[in-house]
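Undergrad: with the sequence up front, the predicted model follows.
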Amino acid sequence: MPELPEVQTTVDDLLNLGIIGRAVKRVTVAWPAVTGSISGQNLTSLLRTKKFAHIRRRGKYILFQFDNGRQSLLHLRMSGRLKFVPLHTPVDKHEHLRILLDNDMELRLHDPRKFGRFTADETVKAKLARLGIDPLSKAFTRRALAELLLNRRRQLKPLLLDQSVIAGLGNICADESLWLAGLHPQRLSASLKGEEINGLRSGILRFLKSSIARGGTSLGNGEQNFVSVSSKAGGNQTRLNVYGRAGRPCRRCRQLIQRIVVAQRGTYYCPRCQRKR
DNA sequence: AGGTAGACCCGCGATT
DNA sequence: CTTAAGCGGGTCTACG
């Protein structure tokens, strides 16, 4: 679930919690794989007394920058979300990482599927360097997108999901953007005409902005559903046009939405609005 | 000929 | 049994 809009919502929430300026008191790791087996003790000695200077989104990563210049990355992957609770709040079995602050509030990673990752070592820079263009940045112009598409011979869907090309788009955003643009998910990137490229860019931006404005997309209601730090579910799920709508009529032309598999991911599209060529 | 780009498959926990 | 919002690693193939 956490795609760009959910990560942005999470970061926006974090900035409202007064974490900036606070120092780290202790880091506790309950599931070693979350940190790549760097122990809580090691993380504590690395970060103790360091103050949060910046928190921002980079693709689907949350980037924490401390006042000594050290950077760390948090990736929520499939089911991660953050909680911000007072010290001594009973620890849930899904809370695998806890960062205690000097005001005795604890930032906790809650992640039922345990795919989320926290990186504080020297690999941070390399991870950031691998990220492609941010779709919400000024640099994401029609010309920039055209170059990314036309210089490759790739199916649109895997291209949109490739974080080294565009950083932040996920499975929902890819399908929704392609529907908005009227493009087939398996269309070859190099075959797009100028107007189609502009339409794809508009589709991406329209979906991202709409989803962020609604606090993200929260599917289902189980443990793995997205809830931001403020415990609010997103509201964008009711606006989806294709994702999860197989067998239901296209909102544009009433043709039934189809589900296929592209890039090993469930892919929803309208066979009439999104022709292969 | 061989290097590269891109597609495809799997695993990773947990839940359903 | 099938479903899974993400990603990294491995393998295979096409390409000229």
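TA: Cool, got the structure. Numbering: from 1, shown residues only, chains lettered A, B, ... in the order given.
Undergrad: am I right that residue A:62 is in a strand?
TA: Yes - counting by DSSP: H, G, I helix; E, B strand; the rest coil, residue A:62 is part of a strand.
Undergrad: how near is it to residue A:154?
TA: Counting by C-beta to C-beta, to the nearest Å, the separation of residue A:62 from residue A:154 is 28 Å. Using the backbone N, CA and C atoms, a C-beta is placed for each residue, glycine as well.
Undergrad: in chain A, which residue sits nearest DNA strand B?
TA: Nearest residue of chain A to DNA strand B: residue A:152, at 3.3 Å (C-beta to the nearest atom of the strand).
Undergrad: who has more neighbours, residue A:62 and residue A:154?
TA: residue A:62 (23 against 19; other C-beta atoms under 10 Å).
Undergrad: run through the strands of chain A in chain order.
TA: Using DSSP state E, the strands of chain A run over A:24-29, A:52-58, A:61-66, A:71-75, A:81-86, A:95-101, A:105-110, A:117-119, A:258-262, A:265-269.
Undergrad: packing partners of the shortest one?
TA: Packing partners of strand A:117-119 (3 or more C-beta pairs under 8 Å, 6 or more residues apart in numbering; DSSP states H and E): strand A:71-75.
Undergrad: tell me the buried residues in the longest helix seen in chain A?
TA: If you go by DSSP state H, chain A has its longest helix at helix A:194-213. Residues of helix A:194-213 classed as buried by neighbour count (16 or more other C-beta atoms under 10 Å): A:196, A:197, A:199, A:200, A:201, A:203, A:204, A:207, A:208, A:211, A:212.
Undergrad: and the pLDDT at the last one?
TA: Which is residue A:212. According to the prediction, residue A:212 has pLDDT 95.
Undergrad: pretty sure it sits against residue A:9.
TA: Yes - taking contacts as C-beta atoms under 8 Å, residue A:212 lies within contact range of residue A:9: 6.6 Å.
Undergrad: now do the shared contacts for these two.
TA: Residues touching both residue A:212 and residue A:9 (C-beta atoms under 8 Å, 6 or more residues apart in numbering): none.
Undergrad: tell me the residues of the stretch 151-277 of chain A that contact DNA strand B?
TA: A:152, A:153, A:154, A:155, A:158, A:159, A:222, A:223, A:224, A:262, A:263, A:264 (C-beta under 7 Å from any atom of the strand).
Undergrad: out of those residues, who's nearest residue A:113?
TA: residue A:224 (6.6 Å; C-beta to C-beta).
Undergrad: near DNA strand B, which residues of the stretch 1-150 of chain A show up?
TA: A:33, A:112, A:113, A:114, A:115.
Undergrad: how about the residues you listed in JSON lines, adding neighbour count, distance to residue A:53 and pLDDT?
TA: As requested, these are arranged in JSON lines below (neighbours: other C-beta atoms under 10 Å; distance: C-beta to C-beta, whole Å; pLDDT from 0 to 100):
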{"residue": "A:33", "neighbour count": "12", "distance to residue A:53": "28", "pLDDT": "95"}
{"residue": "A:112", "neighbour count": "18", "distance to residue A:53": "31", "pLDDT": "94"}
{"residue": "A:113", "neighbour count": "12", "distance to residue A:53": "31", "pLDDT": "94"}
{"residue": "A:114", "neighbour count": "16", "distance to residue A:53": "29", "pLDDT": "96"}
{"residue": "A:115", "neighbour count": "14", "distance to residue A:53": "28", "pLDDT": "96"}
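Undergrad: most widely separated two among the residues you listed?
TA: Going by C-beta to C-beta, the pair spanning those furthest: A:33 and A:112, at 14.0 Å.
Undergrad: quick one, what contacts the residue of the stretch 101-250 of chain A found nearest DNA strand C?
TA: Going by C-beta to the nearest atom of the strand, DNA strand C is nearest to residue A:170 of the stretch 101-250 of chain A, at 2.2 Å. Counting by C-beta under 8 Å, 6+ apart, residue A:170 touches A:2, A:3, A:4, A:60, A:161.
Undergrad: can we see that at 10 Å?
TA: Residue A:170 makes contact with A:1-7, A:60, A:78, A:160-161, A:163, A:217, A:265, according to C-beta atoms under 10 Å, 6 or more residues apart in numbering.
Undergrad: circling back: between residue A:33 and residue A:112, which contacts overlap?
TA: In contact with both residue A:33 and residue A:112: residue A:96, using C-beta under 10 Å, 6+ apart.
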